[in-house]
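Peer 1: predicted model, plus sequence, below.
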Number of protein chains: 2
Amino acid sequence: MLSPAVIIQKKRDGKPLTREEVHGFIHGMSTGEVTDYQATAFCMATYFQGMSQDETMALTEAMLASGERLDLSSIRGAKVDKHSTGGVGDKVSLILAPLAAACGVKVPMMAGRGLGHSGGTLDKLEAIPGFNVNLTKAAFERALSDVGCAIIGQTAQIAPADKKLYALRDVTATVECIPLIVGSILSKKLAEGTEALVMDVKVGTGAFMKTGDQARKLATALSQVARKMKLPFRALITDMNQPLGYSAGNAIEVQECIEVLRNQTVSNLSSADLKELTVQLCAEMLELTKTVRSLAEGRKLALARLSDGSAWHAFEKMVATQGGDVEFIRNPRKLPRAPTEVTWVAKRRGFVTKMNTEAIGRILVDLGGGRKKATDVIDPGVGMIFHKKLGAKVLPGDPLVTVYAPSPEMMRDKPRFSELEQRFQDAVEITGARKPVPKLIHRRI
Amino acid sequence: MLSPAVIIQKKRDGKPLTREEVHGFIHGMSTGEVTDYQATAFCMATYFQGMSQDETMALTEAMLASGERLDLSSIRGAKVDKHSTGGVGDKVSLILAPLAAACGVKVPMMAGRGLGHSGGTLDKLEAIPGFNVNLTKAAFERALSDVGCAIIGQTAQIAPADKKLYALRDVTATVECIPLIVGSILSKKLAEGTEALVMDVKVGTGAFMKTGDQARKLATALSQVARKMKLPFRALITDMNQPLGYSAGNAIEVQECIEVLRNQTVSNLSSADLKELTVQLCAEMLELTKTVRSLAEGRKLALARLSDGSAWHAFEKMVATQGGDVEFIRNPRKLPRAPTEVTWVAKRRGFVTKMNTEAIGRILVDLGGGRKKATDVIDPGVGMIFHKKLGAKVLPGDPLVTVYAPSPEMMRDKPRFSELEQRFQDAVEITGARKPVPKLIHRRI
């Protein structure tokens, strides 16, 4: 193989790398032949020069080959997963995995943790006392067979080269690079053993992709490489210009999911967008695996499984199987809730026309509901309830958000409420003229 | 200070870095706050985004501040150094340092070793048995006072941040980046205590800068930053489309320098370009330090000091002061010479119109006369004598080059002569039509 420096130089100069060169480079990261400081120079060169489909596929294959690939062929039924690029209040997976299982597919979901302004599915599930996201391979496969779904963390054996590269990218300003994102997502999803993938590519003020153009590029790149790798694939580009559903936080998002799964509604709070997106993603999963003949049929089946309680039943079973105490989900008021409740109200009359959703997510992080660095400990009881979403009419004094914050002692090393409220008020634009609310689903790719 | 990742991101996005940010980043490399893998990502981002003059100056200052700066103010006379970007057969420093000293200035020269296709002054001097390039600071200053010049290696105390960064750049394809080159050169030259600097920026097939445009950009950037840092500065852009002088190798280049210093000529071989360039660079050093009133006066003085033997005398004194055995320079035939002599001849009639000088340098390296990696050991007796240079008329059978190669046993792990000759023949273009020979001095900046 060429020396690592020569491979970096080729990428730097925009020359195409062969499959062998990409494989050699990624493999060299495991053997030590490629150092960390060469890996980051390569990532930065890739940031500027991009990668062709062939190069991205080779990257995906190489990261996949760095670890083990689960073989779920002994489990009956179509295996299909959903992955989201993340945002604020994106709790879809908690409802979708049991819902899709109730519709007859198997959902082998390896999910992530929250970092930065966006939340993580594993953290949300861990708000349920006892819930274990670290199943053995055997237990994961058993849960898939018995329940139809399981949500676990990525094991150390899954795409270790990706794990290493991602940690390096995180501290070298090379996260926002489409081919590297594509390789990272697809290698992990192929390794977990899924046979089809539905991507929820978020776009907007709370997403990593802030513009429709970026989101479309990512979704297209994912689609092209997935197709080359024979992975049935569908992407929805969906709105993240406001939090999804009415809540953000960990325990509180579990509570909102339970309400959707049990067909309960809470006065004045709306989970309509959350439910609609979940049903649509479920329909995509069912159609992609040919479990149904059309999206319409898929939606119908999903809605039926929500209303007949079988999705809720699958969720209960998943929680029990993964060691969670079902008492807490049957009585979600028992879930952790931070002791201090503060409500911030509108200062003026008008319409909510814009939410800087990333800024809102960062307030949650500052309260202890998320992580700034991977080693931070999350307070599951911290959360926010959004009383007004985009398009809502507000009058001065109307509650905008209710915040569940730690005790005063715990708040001592955190920003003051006055500062946090100011940041929230700055993040929410209220103007006299109504503006159109972005569509929930922007595009299907 | 901003986190290293945020500084990398700013550079990646083309946003200007403040002086404090650049200093903080480089200082962080010493404290460990900035990791090697962040440093290389930063270098690659700089490769693509460049640096402003202010940023480059901050980089230079920060690398200078990472180590000690020699104070030569107690030594009488103007301190002026020359630095070359390197090439094949570039032995100017060996003649120029004693010549300039003989003209009345002090030359505190910290030189480098050969790497890749280009040779290094220290390696050449070490072909003289006993020559010591590792003087203590006190011995360096004493030699400067007594002889007027000294040529030593860069000590560990000189710009350690540059040393570290350069080693990282070398294996991450970020050497060819003008602001990083400028920072590297100027920080070291300022640290060695020189008060003025003449740069020889090589351009052509044997130089790092292959085009006039690149060379001009580098010379201009060096000039601008040197001026900002109050370092009197002059750059000549000079030709490296063929080896300089008639020889390349280590001992053999010392021999050629001795001939120039002693006003000897060798039949059929020409050191005219070497002598002319050395005299011009010396004149620049004298004019830059106001030792003479004009370049013409400088040239006249330099030529006089060559012909009256005082440059030779200074060289002899420098060698003796630095521990070299003067017997070897008085009788250069005693210098090491590799045992196998092979001459490659012209295959056709015509004119030498092009020499791929880098390729020629690499043949020398493959024979053991240079290094592929920093730990390689050089054979000082390996060398080449060029019988024909650009513009020469040749007939079939005319000698083109004589190669001094290791013994057959030592050649066992090296390429075969037939392969090396083929590479040499490929590197030398002989065509029916004469082409203009590039000027020795392309430009003065």
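Peer 2: Received, thanks.
Peer 1: give me the residues contacting stretch A:167-182.
Peer 2: Defining contact as C-beta atoms under 8 Å, 6 or more residues apart in numbering or on different chains, one finds that stretch A:167-182 is touched by A:36, A:39-40, A:43-44, A:46-47, A:50-51, A:55-56, A:59-60, A:165, A:208, A:217-218, A:221-222, A:225, B:4-6, B:8-9, B:12, B:35, B:37-38, B:41, B:45. Glycine gets a C-beta too; all of them are placed from N, C-alpha and C.
Peer 1: let's see that with 6 Å instead.
Peer 2: A:36, A:39-40, A:43-44, A:46-47, A:51, A:56, A:217-218, A:221-222, A:225, B:5, B:8-9, B:12, B:37-38, B:41 (C-beta atoms under 6 Å, 6 or more residues apart in numbering or on different chains).
Peer 1: just the mean pLDDT for that stretch, thanks.
Peer 2: Mean pLDDT, stretch A:167-182: 92.
Peer 1: same deal with stretch A:202-217?
Peer 2: 95.
Peer 1: alpha carbons of it, as CSV, please.
Peer 2: The C-alpha trace of stretch A:202-217 is given here as CSV (Å, rounded to 0.1, in the frame of the first residue of the first chain):
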residue,chain,number,x,y,z
LYS,A,202,-33.4,16.6,10.3
VAL,A,203,-33.1,20.1,8.9
GLY,A,204,-33.5,23.4,10.6
THR,A,205,-32.5,25.5,13.5
GLY,A,206,-32.2,22.6,15.8
ALA,A,207,-30.5,20.2,13.4
PHE,A,208,-26.9,19.6,12.4
MET,A,209,-27.9,20.4,8.9
LYS,A,210,-29.2,24.0,9.0
THR,A,211,-30.2,24.3,5.3
GLY,A,212,-32.3,22.2,3.0
ASP,A,213,-29.4,22.0,0.6
GLN,A,214,-27.1,20.4,3.2
ALA,A,215,-29.8,18.0,4.3
ARG,A,216,-30.6,17.0,0.7
LYS,A,217,-26.9,16.4,0.0
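Peer 1: what's in contact with that stretch?
Peer 2: Contacts of stretch A:202-217 (C-beta under 6 Å, 6+ apart): A:85, A:87-88, A:178, A:201, A:218, A:237, A:239-241, A:356-358.
Peer 1: which of the residues you listed fall within helices?
Peer 2: A:178, A:218, A:357, A:358 (DSSP state H).
Peer 1: which one of the residues you listed is nearest to residue B:409?
Peer 2: residue A:178 (55.1 Å; C-beta to C-beta).
Peer 1: okay, now that closest one: neighbour count?
Peer 2: 20 (other C-beta atoms under 10 Å in any protein chain shown).
Peer 1: equivalent analysis for residue A:112, please.
Peer 2: By other C-beta under 10 Å, 18 other residues sit near residue A:112.
Peer 1: please apply the same query to residue A:397.
Peer 2: With other C-beta under 10 Å as criterion, residue A:397 counts 9.
Peer 1: most neighbours of all the ones in helices among the contacts of stretch A:202-217, which one?
Peer 2: Going by other C-beta under 10 Å, residue A:357 tops the ones in helices among the contacts of stretch A:202-217 with 28 neighbours.
Peer 1: nothing else from me, thank you.
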